[in-house]
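K.L.:
one predicted model, sequence on top.
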Amino acid sequence: MTNGLFSDLLGADAWHRLPHAVQAMHGSAPQLHATGLADVEGAGHLSARWLRHLLGLPRPGAQQVLALTIERQGTREVWTRRFSHRCMQSVLDRRAGSPLLYERLGPARLGFALHHDGDAIDWQLHSLHVFGLPLPRALRGRVLSRSGFRRGRYHFSVDVRLPLLGQLIGYQGWLEPLPDGC
């Protein structure tokens, strides 16, 4: 492993072209704490609210205070995001021989290909399993995810839209790492 999960999946050349703020968030430090703000959106109908609850996703709301803790051990990273109204936890990892980043979120496991794009990492959804069963491409919907650098800070944006449900969740904002020990 070079610098961690993300650097391995992106490759050394792409990794080193990313801004320091992006490398700091996706690096290899055993633990990282960051704080920031996020705007969260999502459809208001019952089905979307229920699915957000099942997956542990945050409730919609503007300018939510966000605290992030990343705990790393080998290729495994546990991301705990504390939004104003909800705690969301996911586990990121990779599988031997696979070029994908896998994220487990409740009963869902998403497989992403990571691509360097300017000052950012684009996460492209390649697979989705729910309760261990693969979903066909037509049922996966659309997931747009990007983490990068804007206005001097680490920025992120995620937009998830599902067939028949519409926007399950969309959140965007910024984070800044806290000094060690905070």
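P.N.:
All right, it came through fine. Note that the structure is a prediction, hence the values are computed from the model and not measured. Numbering: from 1, shown residues only.
K.L.:
strands along this protein, start to end?
P.N.:
31-41, 61-73, 76-82, 87-93, 101-105, 108-117, 120-130, 133-134, 142-150, 153-162, 166-177 (DSSP state E).
K.L.:
direction included, what does the longest one pair against?
P.N.:
Going back to what we said before, that points to strand 61-73. strand 31-41 (antiparallel), strand 76-82 (antiparallel) (DSSP bridges).
K.L.:
dump the last one to PDB, restricted to CA.
P.N.:
Spelled out, it's strand 76-82. Only the C-alpha atoms of strand 76-82 are listed here, as PDB (Å, rounded to 0.1, in the frame of the first residue of the first chain):
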ATOM      1  CA  ARG A  76     -10.600  -0.600   6.000                       C
ATOM      2  CA  GLU A  77     -11.900   2.800   6.800                       C
ATOM      3  CA  VAL A  78     -14.900   3.500   9.100                       C
ATOM      4  CA  TRP A  79     -16.500   6.900   8.300                       C
ATOM      5  CA  THR A  80     -18.800   8.300  11.000                       C
ATOM      6  CA  ARG A  81     -20.600  11.500   9.900                       C
ATOM      7  CA  ARG A  82     -22.500  13.400  12.500                       C
END
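K.L.:
between it and strand 87-93, how many degrees?
P.N.:
Angle, strand 76-82 to strand 87-93, by axes from the mean of the first three to the mean of the last three CA atoms, to 10 degrees: 160 degrees.
K.L.:
quick one: buried residues of strand 76-82?
P.N.:
Neighbour counts over strand 76-82 (16 or more other CB atoms under 10 Å) mark 77-79, 81-82 as buried. All C-beta spots, glycine's among them, are computed from the backbone N, C-alpha and C.
K.L.:
and if you look at the first one?
P.N.:
Along strand 31-41, these residues count as buried under the neighbour rule (16+ other CB under 10 Å): 32-34, 36, 38, 40.
K.L.:
alpha carbons of the helix ranked longest in the chain, as PDB, please.
P.N.:
For the chain, the longest helix by residue count, based on DSSP state H, is helix 46-55. Only the C-alpha atoms of helix 46-55 are listed here, as PDB (Å, rounded to 0.1, in the frame of the first residue of the first chain):
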ATOM      1  CA  LEU A  46     -42.900   8.500   2.900                       C
ATOM      2  CA  SER A  47     -41.000   6.000   0.800                       C
ATOM      3  CA  ALA A  48     -37.900   8.200   0.500                       C
ATOM      4  CA  ARG A  49     -38.000   9.100   4.200                       C
ATOM      5  CA  TRP A  50     -38.300   5.400   5.200                       C
ATOM      6  CA  LEU A  51     -35.400   4.400   2.900                       C
ATOM      7  CA  ARG A  52     -33.200   7.200   4.300                       C
ATOM      8  CA  HIS A  53     -34.000   6.000   7.800                       C
ATOM      9  CA  LEU A  54     -33.200   2.300   6.900                       C
ATOM     10  CA  LEU A  55     -29.800   3.300   5.400                       C
END
